[in-house]
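Undergrad: Quick one, what's the 3D model for this:
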Amino acid sequence: MIAEGEDPAREEAFGMAQRNWWRTVLGEYPTGVTIIGSFDETGAAVGMVVGTFSAVSQDPPLVGFSPARSSYTWDLVRRNGRFVANVLGHEHEGLCRAFFAAGYPERFAGGDWRRTPAGPRLGDAPVWFECIIREVHPAGDHDLVVAEVTEFGLGDHGAGMPLLFLNGGYGTFSASGQAFDAQRFIDRLRMADAVSDRVERFAGEHGVRALLATVAGDSVCVLAGSGPYAGTRMSFPFAAPVASTLAAWGAEEQYRAWLENARHLVGTVDRQGLVRVLDRVRERGYALSHGELMGAEFDRVVTDPSTSRAQLSRLWQNTHRASVRAVDREEEHRTATSIQLPVLDSSGHAVLELVVEDFDPLPDRAGFEELLAAARSTAAELHRAAVSV
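TA: As a prediction, the model looks like this:
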């Protein structure tokens, strides 16, 4: 410490050293990067980059950030009382740098900006929040801002994972997942091609649609199918609770990826509920889907090239809730829309999933058991054929 009466120049130098050390230490903590967009008194767009944006409360939904009290832009945002928090993706690094370097209106010359009542919103922001300022608390040379969220949502994910700031530079976060193994995928495609005639025959004999799917990286890929699925190469996220047999009889890393991919897609998952789902699937030896959500609606969303990440997220959220609720459902055959069975390799791991769907409602247990027995027999036949490929 500087003793009283010492040289003021030395005291100022010590203060500068402390400030530099403060910035160095904080530089080891990664932060997200957000543009706070609002309007000035003339209705012109204004905005500032912050690294302090965070969630404050869920009920009611509140967020916060900490602008410098000396900031000219913060003064304009505060006067307006409303703003949009645009969380940036890693493709927005250039836009972020432009905000630091440019004045108005040049800051908004780049980017897909859309005017909302709260402020300018970035169309491809990973997430966004429209807010009303409720509280401002002085905190040293900054203010603590608490705002009520009036609208929020997901972007189209076109800008990739969120942009991060660390050690004076920009980067991003890589979500954990399974690496794509090209040779393994080719092997499974070869298996599917070798047994596709058996899938077609089973579907024709029982008046159903059938397909074979497998895991490829963080996706489920349809490799073969009957009827409308013939020649289909549809893919969708390998995320709980979809493709549960591939998780239930998969290797440990495949099970972890199944759970983690769901968390990245929907935010929060009921892990205990999903464990119960897999326990039930293993106990029965197959999985069931119920209702239109996992029928026509699922196919429509995952096959539409214009489907946004927000739409996928909503579909998975609804599917997650429905699957957890249906775990202990009695008379499950009455509402079943599809049956999924594992096709195992010689080590007991699921390499393919046989999906049977588009069957007529089965009003009694006998009809369901008859179809299930035929599907089990086909899965066993596929297993024998697959391990010989």
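
Undergrad: Show me where the stretch 51-200 of the chain has its strands.
TA: 54-57, 62-65, 82-87, 113-115, 120-122, 127-139, 142-154, 163-166, 169-172 (DSSP state E, counting those that start in this stretch).

Undergrad: Out of the ones you listed, indicate the one that is most buried.
TA: Highest mean neighbour count among the strands of the stretch 51-200 of the chain (mean count of other CB atoms under 10 Å): strand 82-87, with a mean of 25. Placement of C-beta: from N, CA and C, glycine included.

Undergrad: Using PDB, list the CA coordinates for it.
TA: Extracted in PDB, the C-alpha atoms of strand 82-87 (Å, rounded to 0.1, in the frame of the first residue of the first chain):
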ATOM      1  CA  ARG A  82     -36.500  -0.200 -23.800                       C
ATOM      2  CA  PHE A  83     -34.000  -2.300 -25.600                       C
ATOM      3  CA  VAL A  84     -33.300  -5.500 -27.400                       C
ATOM      4  CA  ALA A  85     -30.400  -7.700 -26.200                       C
ATOM      5  CA  ASN A  86     -28.900  -9.400 -29.200                       C
ATOM      6  CA  VAL A  87     -26.600 -12.300 -28.200                       C
END
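
Undergrad: residues near residue 274, how many?
TA: Residues lying near residue 274 (other CB atoms under 10 Å) number 22.

Undergrad: Repeat that for the one 10 residues further on.
TA: Using other CB under 10 Å, the number of residues around residue 284 comes to 13.

Undergrad: circling back to that earlier point, out of the strands of the stretch 51-200 of the chain, which gets nearest to residue 381?
TA: With CB to CB, the closest approach to residue 381 among the strands of the stretch 51-200 of the chain belongs to strand 142-154: 42.8 Å.

Undergrad: any idea which helix is longest in this protein?
TA: Longest helix of the chain, by residue count under DSSP state H: helix 182-206.

Undergrad: Following that helix in sequence, what is the next regular element?
TA: Sequence-wise, the next helix or strand downstream of helix 182-206 (DSSP states H and E) is strand 209-216.

Undergrad: that older thread, JSON lines for the strands of the stretch 51-200 of the chain, including distance to residue 242?
TA: Formatted as JSON lines, these follow (distance: least, CB to CB, whole Å):
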{"stretch": "strand 54-57", "distance to residue 242": "28"}
{"stretch": "strand 62-65", "distance to residue 242": "31"}
{"stretch": "strand 82-87", "distance to residue 242": "27"}
{"stretch": "strand 113-115", "distance to residue 242": "32"}
{"stretch": "strand 120-122", "distance to residue 242": "30"}
{"stretch": "strand 127-139", "distance to residue 242": "23"}
{"stretch": "strand 142-154", "distance to residue 242": "19"}
{"stretch": "strand 163-166", "distance to residue 242": "29"}
{"stretch": "strand 169-172", "distance to residue 242": "26"}
